[in-house]
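1. Just the structure for this:
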Amino acid sequence: MFGIILGLVLLMFLAYRGYSILWVAPVCALVVGLTGGLNGLDMYKETYMSGLAGYVKSWFPVFMMGAIFGHLMDYTGAAKSIAHWLTSKLGPKRAIMGVVVGCAVLTYGGISLFVVVFAMYPLALELFREANITRKLIPGSIALGSFTFTMTALPGTPQIQNMIPTDYYGTTATAAPIMGLVAATLMFVLGILWLQRREKKFTAAGDVFTEPKGKEAVEVDYSSLPNPFLSFLPLITVIVTMNFLGFDIIIALLAGVVLSMLISFNKYQGFTKSISAGAVGSITAILNTAAAVGFGTVVKAVPGFGKLTSLLLNVPGTPLISEAIAVNLLAGATGSASGGMSIALEALGEKYLQIALDTGIDPAAFHRVASLASGGLDTLPHNGAVLTLLAVTGMTHKDSYIDICMTSLVLPVVASIPAILLGSLGIY
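-> Next up, the predicted model:
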C-alpha cells in the first residue's frame with residue numbers, strides 16, 4: 001500500500017512539474033513494483049509493457065482516425081465554417097453562448113479538443129471584441145464547450161473519454177442516456193450562468209476587451225470557408241454511423257474522413273500532409289495514455305493492490321461512488337482524463353463489472369459514472385489541455401484558471417452527484 005501511494009504521489013508531482021508521462025509512468029511503476037516485491041526488469045518488460053501494448057493494440061486505430069479526422073476538418077476549413085456560422089447566428093450579444101455552443105458542436109461531432117481550441121479562438125476573439133467582453137473569459141468559455149458535457153456526459157459522443165469504458169463494461173457510446181443528459185444539462189446551464197455572472201462583474205469593474213499584447217489579432221478570410229451546411233455533414237455522419245447504424249467507431253470516423261475530403265476535394269493537394277500530421281500526432285496521444293495504463297497494470301500486480309481495492313470498494317454507499325472517487329483521483333494525479341480513467345478501469349474494471357452483475361446495477365451506469373468522473377479533477381493546473389488553452393489564448397493561470405476550474409472541474413464533479421443518485425435508483 002505504501003508503495004502504491006508513493007508511486008501515485010510521485011506520478012502526480014512529476015506530472016505537475018510538466019515532465020512527460022512517457023518516462024514518468026514507468027519510473028513510478030518501478031517504485032510501485034520494487035516496494036511490492038516484484039523484480040524490476042521483469043516488471044518493466046512483462047507487466048508494464050503488456051499493459052501498454054495491450055492498450056495500444058485496442059485503441060490506436062481510434063486515436064489515429066480521430067486525429068486524422070480533426071486535422072482534415074481543420075485544414076479544409078470545415079471546423080471554422082461550422083463555428084463561424086453558429087457564432088454569427090447567436091451574435092455578439094450572446095458571445096459567451098456562441099463560443100460554448102460552437103465548441104460543443106465540434107467536439108460532439110468527433111473533432112479532438114485540441115483542434116477545437118485552435119479553430120474557435122479566432123472566432124471567440126472576434127465575438128468578444130464586438131461584445132466588449134474581457135478576453136479573460138475566453139478560456140473558460142472554450143473549456144465549458146470542449147472539456148465537459150460533450151466530452152463525458154452526452155450519450156453518443158465519440159470522444160475517447162466516452163469510448164474507453166465500453167472496453168471494460170461491454171457497453172455502447174449511448175450508455176445510461178438519462179444519467180448523461182441530466183449531468184450534461186447541469187454542466188451547461190450552471191457553466192453559462194457562472195460565465196455570465198463573471199462577465200457582469202468584470203464589466204462593472206471596467207475590465208473589458210483589450211487587444212492581445214504582442215500578438216496580432218488572428219484574421220480569418222471567412223469568404224473562403226466551405227458551405228457550413230456541407231461542413232456539418234461529416235460530423236453528422238460520424239454520430240449517425242456509430243450510434244444509429246451500429247457501426248464500430250473506427251468505421252464511423254473513417255466515414256467522416258472520407259466525406260470531409262469529398263466535400264472539399266478542391267483542396268486535395270493538402271490531404272496527404274493533413275493525414276500524415278494526424279497520424280503522427282496520434283502516436284504521442286495514445287502513448288501518453290498507454291503509459292498511464294502500464295502504470296495501472298503494475299499497481300494491479302502488487303500485493304498491496306488487494307488492500308487498496310478493499311478500501312475503495314468499501315466506501316460507504318453505492319459502488320458508483322467508489323468508482324467516481326477512484327477515477328477522479330487518478331485523473332487528477334495524471335492530469336489526464338483518459339489516462340486516469342484507464343488506470344482506474346485497468347485496475348478495478350473487472351471488480352466493478354462483477355459488482356454490477358452481483359447487485360443488478362446496469363454496467364451502463366458504471367460506464368457513465370467513469371466517463372463523468374474522468375472529466376473532473378483532470379483539469380488541475382498541470383493538465384496538458386489547460387496549458388495549451390492558456391497558451392493559445394494568451395492568458396495566464398492568474399487571468400483565467402478560476403473560470404477553467406469552475407466550468408471544467410468543479411461543475412463536472414457536482415454534476416456527477418445527481419447522475420450517481422439516478423444510477424443508484426436504477427434510472428439510467
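2. all helices of the stretch 251-400 of the chain, in order?
-> Using DSSP state H, counting those that start in this stretch, the helices of the stretch 251-400 of the chain run over residues 271-301, 304-313, 319-334, 337-359, 363-374, 384-393, 397-405.
3. Met179: which of those is closest?
-> helix 363-374 (4.7 Å; C-beta to C-beta). The way it works is simple: take the backbone N, C-alpha and C, and place the C-beta from them, glycine included.
4. Taking helix 337-359 as reference, get the angle to that closest one.
-> Here helix 363-374 points in a direction 150 degrees away from that of helix 337-359 (axes from the mean of the first three to the mean of the last three C-alpha atoms, to 10 degrees).
5. which strands and helices sit next to helix 363-374?
-> Judged by 3 or more C-beta pairs under 8 Å, 6 or more residues apart in numbering; DSSP states H and E, helix 363-374 is in contact with helix 160-169, helix 177-204, helix 319-334, helix 337-359, helix 411-424.
6. which of the residues in it are buried?
-> Pro363, Ala364, Ala365, Phe366, His367, Arg368, Val369, Ala370, Ser371, Leu372, Ala373, Ser374 (16 or more other C-beta atoms under 10 Å).
7. tell me which of those is nearest to Val115?
-> Ser374 (19.7 Å).
8. Settle this for me: the closest one is touching Gly332, isn't it.
-> No: contact criterion C-beta atoms under 8 Å: Ser374 and Gly332 do not qualify, at 10.3 Å.
9. Deepest-packed of the helices of the stretch 251-400 of the chain, please.
-> Highest mean neighbour count of the helices of the stretch 251-400 of the chain: helix 363-374, a mean of 29 (counted as mean count of other C-beta atoms under 10 Å).
10. Just want the angle from it to helix 160-169.
-> 140 degrees.
11. pLDDT averaged over helix 363-374, what's the number?
-> Averaging pLDDT along helix 363-374 gives 97.
12. on that earlier part again, would you mind saying which of the helices and strands packed on helix 363-374 lies nearest Val257?
-> The closest approach between Val257 and any of the helices and strands packed on helix 363-374, judged by C-beta to C-beta, belongs to helix 160-169 at 16.4 Å.
13. Not counting the closest one itself, show me its contacts.
-> 58-59, 62-63, 66, 151-152, 171-173, 175, 249, 289, 337-338, 341-342, 345, 349-350, 352-353, 356, 363-364, 366-368, 370-371, 374-375 (C-beta atoms under 8 Å, 6 or more residues apart in numbering).
14. Flag every buried residue along that helix.
-> For helix 160-169, by 16+ other C-beta under 10 Å, it's Ile160, Gln161, Asn162, Met163, Ile164, Pro165, Thr166, Tyr168, Tyr169.
15. Turn those into JSON lines, columns for distance to Met261 and pLDDT.
-> JSON lines is the format used below for the buried residues of helix 160-169 (distance: C-beta to C-beta, whole Å; pLDDT from 0 to 100):
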{"residue": "Ile160", "distance to Met261": "23", "pLDDT": "93"}
{"residue": "Gln161", "distance to Met261": "27", "pLDDT": "95"}
{"residue": "Asn162", "distance to Met261": "25", "pLDDT": "96"}
{"residue": "Met163", "distance to Met261": "23", "pLDDT": "95"}
{"residue": "Ile164", "distance to Met261": "28", "pLDDT": "94"}
{"residue": "Pro165", "distance to Met261": "31", "pLDDT": "96"}
{"residue": "Thr166", "distance to Met261": "28", "pLDDT": "96"}
{"residue": "Tyr168", "distance to Met261": "34", "pLDDT": "94"}
{"residue": "Tyr169", "distance to Met261": "34", "pLDDT": "96"}
